[in-house]
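Chemist: next one to model:
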Amino acid sequence: MLVVGGVAVALAAAGTSAALASRAHTVGTANARVTLTVRPTAPVSTKPVVLSSRVKPQPASTTAATGQVCFYDGAATTPLSCQPIAKSAKGVQSARIKVSLSAGNHTVTARYSGDSTYAPQASKPVVVTVK
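Modeler: Numbering: from 1, shown residues only. Okay, the predicted model is just below:
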């Protein structure tokens, strides 16, 4: 069972009559802005690329976001990597990874999982051209 903003949603597998084990998980409805930056801005295929994401409550809040950010390349359903968000020295909730991308264009996004306060959100896509 998934609880979204206080509304329970039951999940069942198609084509089965067996009951599924259920576990309640509450997902919040407050907004959090997810941003994504790529460094270097002109990467080459022989060096790793750093993908950094920030999760910032909107409007500003004293309740820190928890959960994880998964980084995706294009329409892939499997993430490049998922990392728990952590508070930085500047007080910002963020996650980052280093990845190797092949030469060509890549459209990367960061997707925040959400938590009991904040709803899942995704960053705007960033096009990375690797030489």
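Chemist: what's the burial count for Gln93?
Modeler: Applying other Cβ atoms under 10 Å, we find 22 residues neighbouring Gln93. C-beta: built from backbone N, CA, C; applies to glycine.
Chemist: before we move on, what about the one 3 residues further on?
Modeler: As a burial measure, Arg96 scores 19 neighbours (other Cβ under 10 Å).
Chemist: which element is it on?
Modeler: Using DSSP states H and E, Arg96 sits within strand 93-99.
Chemist: helices and strands around that strand, which ones?
Modeler: strand 49-58, strand 68-73, strand 81-84, strand 86-87 (3 or more Cβ pairs under 8 Å, 6 or more residues apart in numbering; DSSP states H and E).
Chemist: residues of that strand that come out buried?
Modeler: Neighbour counts using 16 or more other Cβ atoms under 10 Å place 93-97 of strand 93-99 among the buried residues.
Chemist: between the residues you listed, which sits nearest Lys47?
Modeler: Set against Lys47, the nearest of the buried residues of strand 93-99 by Cβ to Cβ is Ile97 (14.4 Å).
Chemist: list the buried residues for stretch 111-127?
Modeler: 111-115, 117-118, 121, 123.
Chemist: looking at these, which is nearest Thr66?
Modeler: Asp115 (4.6 Å).
Chemist: give the contact list for the closest one.
Modeler: Neighbour list for Asp115: 27-28, 65-67 [criterion: Cβ atoms under 8 Å, 6 or more residues apart in numbering].
Chemist: quick one, what contacts His68?
Modeler: His isn't right for residue 68; it's Gln. Per Cβ under 8 Å, 6+ apart, neighbours of Gln68: 82-85, 95, 112-113.
Chemist: quick one: the strands in the protein?
Modeler: For the chain, the strands defined by DSSP state E occupy 2-4, 7-9, 25-27, 31-39, 49-58, 68-73, 81-84, 86-87, 93-99, 104-112, 121-122, 126-130.
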